Structure formats: structure tokens, C-alpha cells
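Q: Turn this into a model:
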Amino acid sequence: MDIVLSSKSPLPIYKQIEECIKSDILSRKLKGDEPLPSIRQLASSLKISVITIKNAYEELEKDGFIYSCPGKGFYVCFFTEAQLRLYKKAIVKQTIENQMSYLRRMGISEEEIKDVFKNVK
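A: Predicted structure coming up:
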């Protein structure tokens, strides 16, 4: 599991960790029932607060990406290919909606957006 943190990111550190782990789950780098590092281990290896890791794990658990076994740790939830496709589709949809909203606020018409989008590779 590779977690890259950036002090220049607008996202808080715990969100960056959450997004890295989610990405590894959605791309199958982390597989169902695979154990995650303990909160203390990950905090130590990233040289950040235990509370930050705890927040990231809590969000991942709340969103259904990981589960905890008391006394044993955290594990990756198992996803079928169909479930992964649905998650990915939802992420794409949300990303596009956010960007469309931003572009509209800048005064860019849907027609202009579609025109540029056609030429994106």
C-alpha cells in the first residue's frame, strides 16, 4: 500500500489517506479480507498522528470500504466486480457534476464544455 501525502493538497491529511486506500481498493491493489496496517503502525510509518489515521479508517469503515475486528484490526471489504463498477461509476458521476458546476460558475456554457470534451483523449 503506497500512501503519498501532500502538504500542498487542499484535502486534509486524513482525507488524503482515505482517498489513497479507496483507490487501492477500487483498483484491486488491496483485496477483500486483506488486513490493513494497524493504526499505530501506519501513523508511525507516515510520521503522523494516530488520530489522523483513526479518522481515515473511521471514514473508510463508515463508507463500507473496510471493516474492523475488535482486537484483530482492520480489513478490506470484499467487493464483486459489479460492486466495484458501481462505485467507480458513482465517483466519475460525482467528479463530472462537481467540475460542471465549477465551469458553469465561470460562465462556460455546456456547449463549450461539450466541444472541448470531444477533443480530450
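
Q: ok, which stretches of this protein are strands?
A: Residue ranges of the strands in the chain, as given by DSSP state E, are 66-69, 73-76.

Q: Same list (the ones you listed) but as a markdown table, adding mean pLDDT, mean neighbour count and distance to Asn55.
A: C-betas here are computed from N, CA, C, even on glycine. Shown next, in a markdown table, are the strands of the chain (pLDDT from 0 to 100; neighbours: other CB atoms under 10 Å; distance: least, CB to CB, whole Å):
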| stretch | mean pLDDT | mean neighbour count | distance to Asn55 |
| --- | --- | --- | --- |
| strand 66-69 | 97 | 15 | 13 |
| strand 73-76 | 98 | 18 | 13 |
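
Q: right, so of those, which gets closest to Leu103?
A: When the strands of the chain are ranked by proximity to Leu103, the top entry is strand 66-69, at 34.0 Å, counting by CB to CB.

Q: for the closest one, packing partners?
A: helix 50-62, strand 73-76 (3 or more CB pairs under 8 Å, 6 or more residues apart in numbering; DSSP states H and E).

Q: Make JSON lines out of those and add distance to Ala43.
A: JSON lines is the format used below for the helices and strands packed on strand 66-69 (distance: least, CB to CB, whole Å):
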{"stretch": "helix 50-62", "distance to Ala43": "5"}
{"stretch": "strand 73-76", "distance to Ala43": "13"}
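
Q: These: which one's closest to Ile108?
A: Across those, closest to Ile108 is helix 50-62 (CB to CB), at 32.4 Å.

Q: Could you report the separation of Phe65 from Gly32?
A: 11 Å (CB to CB, to the nearest Å).
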